[in-house]
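Take a look and give me a structure for this.
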Amino acid sequence: MHEAQLWEAENGRIRCLLCPHDCRIAVGHTGVCGVRENRDGRLIATTYGRVSSVAVDPIEKKPVFHFRPGTRALSLGSVGCTMRCQHCQNWQISRARPQDGDLDYLAPEDVIGLAQQYDCAGVAFTYNEPVIWAEYVADVSEACKAAGLYTVMVTNGYITEAGLDFLGEKIDVWRVDVKGFDDNTYRKLCKVRSVKPVLDMAERAKKHWNMHVEVVTNVIPTINDDEETLRGIASWIATALGPDTPWHITRFFPYLELSHLPPTPISTLRRARDIGAEEGLSFVYLGNVDDPGGEDTRCPACGGTAVGRDRYRITQRRTSHGTCGDCGEPLNLVE
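A predicted model of the protein is given here:
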């Protein structure tokens, strides 16, 4: 049993301080995430070291385009989530509980060994929500730092300030989903109260902890594809995170509880890209769609292709220490 961090006793229950659900957990029960359990008055991280998924991925698959492009990340996931998104692609693990199936145990030092064995430059915590894996993420990340490996959180961003600060100095990349721009969308789509913690903590990750931040929005017809929402997200990125923050606009495909909706029209994605440019964003990418040049990094100064991509493969690269190789313009690119 691995005791969790970030909790306090309150009126015979445990109050979990990790995410904004602010769960009060009775003995023998878990919080909303399904993995942090009150056992006889102690909060136990029941999935510590227990993995459902291990893979070697290009970092571009996260998607992360402006941090160590062309490198590979050992990608780890477990079970559970703080959200219950209607279109979740990994629902088999995000909605699972630790007791639902066999989970392999992988000690932090073994993660480092696997990463080195498969020539990975870093470790990504992904597939399900890594925030609820915080203690394991922290221990693995400390081992990564000692071994010279980078760390990536692929997250829905639903975390408290205390939770973010627990991880802050250990994480290099905060790759966050922004699924909408109002509380109604988040209540309907994700079953959480508000978008505000996602936005506030993304800003804190960048400004307080100096993490590299990239944003993904999966554009869903009738849910978050209206101009007001897309313009709101783009404007917030430019203002709160900076105009050189990458925004990945990805295509929705019918799935799970949203199987009745059509795939996102390509025209909608292209309009979203235009909106991003109108709001001052320098790097807006199209994902989950075959759009020539849609994933290329173009220099905002000279217009040249600094990094060409075909899905997860880099086809061209003209950069120098994070700047455009042609004109020297900074690209917010960590190489």
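
in the stretch 151-300 of the chain, which spans are strands?
For the stretch 151-300 of the chain, strands defined by DSSP state E, counting those that start in this stretch occupy the ranges 173-177, 212-219, 247-251, 284-287, 297-298.

Now render those strands as CSV, adding mean neighbour count.
For glycine as for every other residue, the C-beta is placed from the backbone atoms N, C-alpha and C. Conversion of the strands of the stretch 151-300 of the chain to CSV gives the following (neighbours: other C-beta atoms under 10 Å):
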stretch, mean neighbour count
strand 173-177, 24
strand 212-219, 24
strand 247-251, 23
strand 284-287, 21
strand 297-298, 22
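
Now render these as JSON lines, adding distance to S78.
Formatted as JSON lines, the strands of the stretch 151-300 of the chain follow (distance: least, C-beta to C-beta, whole Å):
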{"stretch": "strand 173-177", "distance to S78": "17"}
{"stretch": "strand 212-219", "distance to S78": "21"}
{"stretch": "strand 247-251", "distance to S78": "23"}
{"stretch": "strand 284-287", "distance to S78": "25"}
{"stretch": "strand 297-298", "distance to S78": "32"}
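
Quick one: low-confidence residue ranges for the stretch 51-200 of the chain.
By pLDDT under 70, the stretch 51-200 of the chain contains no weakly predicted segment.

the helices in it, which residues?
Along the stretch 51-200 of the chain, counting by DSSP state H, counting those that start in this stretch, helices occupy 91-94, 108-117, 134-147, 161-167, 183-190, 196-207.

mind putting those in a markdown table, mean neighbour count and distance to E37 included?
Listed next are the helices of the stretch 51-200 of the chain as a markdown table, based on neighbours: other C-beta atoms under 10 Å; distance: least, C-beta to C-beta, whole Å:
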| stretch | mean neighbour count | distance to E37 |
| --- | --- | --- |
| helix 91-94 | 18 | 18 |
| helix 108-117 | 16 | 21 |
| helix 134-147 | 20 | 13 |
| helix 161-167 | 19 | 17 |
| helix 183-190 | 17 | 23 |
| helix 196-207 | 20 | 23 |
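
Tell me which of the ones you listed sits nearest to E3.
Nearest to E3, of all the helices of the stretch 51-200 of the chain, is helix 134-147, at 8.3 Å by C-beta to C-beta.

Could I get the phi/psi values of E329?
Main-chain dihedrals, E329, degrees, to the nearest 10: phi -70, psi 130.

wait, doesn't it sit right on T297?
No - between E329 and T297 there is no contact under C-beta atoms under 8 Å: 11.2 Å.

Which residue ranges of the stretch 201-335 of the chain form helices?
Using DSSP H, counting those that start in this stretch, helices in the stretch 201-335 of the chain cover 227-236, 266-278.

Of those, flag the one that's most buried.
Highest mean neighbour count of the helices of the stretch 201-335 of the chain: helix 227-236, a mean of 19 (counted as mean count of other C-beta atoms under 10 Å).

by contact count, what packs against it?
Judged by 3 or more C-beta pairs under 8 Å, 6 or more residues apart in numbering; DSSP states H and E, the packing partners of helix 227-236 are strand 212-219, helix 266-278.

Just the residues contacting the shortest one, thanks.
This means strand 212-219. Contact with strand 212-219 is made by 63-67, 87, 172-179, 202, 205-206, 224-225, 230, 233, 237, 241, 245-252, 264, 268-269, 272, 287-288, 334, as judged by C-beta atoms under 8 Å, 6 or more residues apart in numbering.

Direction-wise, compare that strand with strand 173-177 and give the angle.
Here strand 212-219 points in a direction 20 degrees away from that of strand 173-177 (axes from the mean of the first three to the mean of the last three C-alpha atoms, to 10 degrees).

For strand 212-219, the averaged confidence score.
Strand 212-219 shows a mean pLDDT of 98.

got the angle between it and helix 266-278?
140 degrees.

Any idea which of the helices of the stretch 51-200 of the chain gets closest to R24?
Closest approach to R24 among the helices of the stretch 51-200 of the chain is made by helix 161-167 (16.1 Å; C-beta to C-beta).

In CSV, list the C-alpha atoms belonging to that closest one.
In CSV, the C-alpha atoms belonging to helix 161-167 read as follows (Å, rounded to 0.1, in the frame of the first residue of the first chain):
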residue,chain,number,x,y,z
GLU,A,161,-2.9,24.5,-7.2
ALA,A,162,-1.6,22.3,-4.5
GLY,A,163,-1.6,19.3,-6.9
LEU,A,164,0.2,21.2,-9.6
ASP,A,165,2.8,22.5,-7.1
PHE,A,166,3.4,19.0,-5.9
LEU,A,167,4.5,18.0,-9.5
